[in-house]
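Trainee: The following comprises the amino acid sequence and a computationally predicted model.
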Amino acid sequence: MSLLGLMKKKFAASALLPQHQWELDAAKELLLSLPLKGLQPNTCSYNIMISGLCKEGKLKEANTLFNKMEEKGCLPDGHTYNIIVQAFIWVMR
């Protein structure tokens, strides 16, 4: 596969995920179905989902998804950690 083809595939995986809190269940289903469609979620895809879970106060689910992200070989970035830390700070207030 060409570099351009690979970039398109990764972009498509991120572009498919809804960013609205009220669509969290649909986003979760979509994230889990991406591999069945030949697409692999990337860090941006996971960040969107983790952020949505945190905004809904579902920190346990966000943490579980964070762990799955790492298990699948998708490395978290600074934004991922920022989402998690901000969510825990918000809960502690």
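Mentor: Cool, got the structure. Numbers count the residues shown, from 1 in each chain.
Trainee: what about the protein, any weak spots by pLDDT?
Mentor: For the chain, the stretches with pLDDT under 70 are 1-22.
Trainee: So which residue is dead centre in it?
Mentor: Nearest residue to the geometric centre of the chain (Cα atoms, centre = their mean): Y46, 1.4 Å.
Trainee: Distance of that residue relative to M92?
Mentor: 23 Å (Cβ to Cβ, to the nearest Å). Using the backbone N, CA and C atoms, a C-beta is placed for each residue, glycine as well.
Trainee: that older thread, helix or strand for the residue nearest to the centre of the chain, just tell me which one.
Mentor: Taking DSSP states H and E as the criterion, Y46 maps to helix 43-55.
Trainee: What residues of that helix count as buried?
Mentor: Residues of helix 43-55 classed as buried: 43-54 (neighbour count, 16 or more other Cβ atoms under 10 Å).
Trainee: Take the residues you listed and lay them out in JSON lines including distance to H79.
Mentor: Conversion of these to JSON lines gives the following (distance: Cβ to Cβ, whole Å):
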{"residue": "T43", "distance to H79": "8"}
{"residue": "C44", "distance to H79": "8"}
{"residue": "S45", "distance to H79": "12"}
{"residue": "Y46", "distance to H79": "10"}
{"residue": "N47", "distance to H79": "5"}
{"residue": "I48", "distance to H79": "10"}
{"residue": "M49", "distance to H79": "13"}
{"residue": "I50", "distance to H79": "10"}
{"residue": "S51", "distance to H79": "9"}
{"residue": "G52", "distance to H79": "14"}
{"residue": "L53", "distance to H79": "15"}
{"residue": "C54", "distance to H79": "12"}
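Trainee: now, which of those sits nearest F66?
Mentor: I50 (6.0 Å; Cβ to Cβ).
Trainee: That closest one is in contact with Y81, isn't it?
Mentor: No - taking contacts as Cβ atoms under 8 Å, I50 lies outside contact range of Y81: 10.2 Å.
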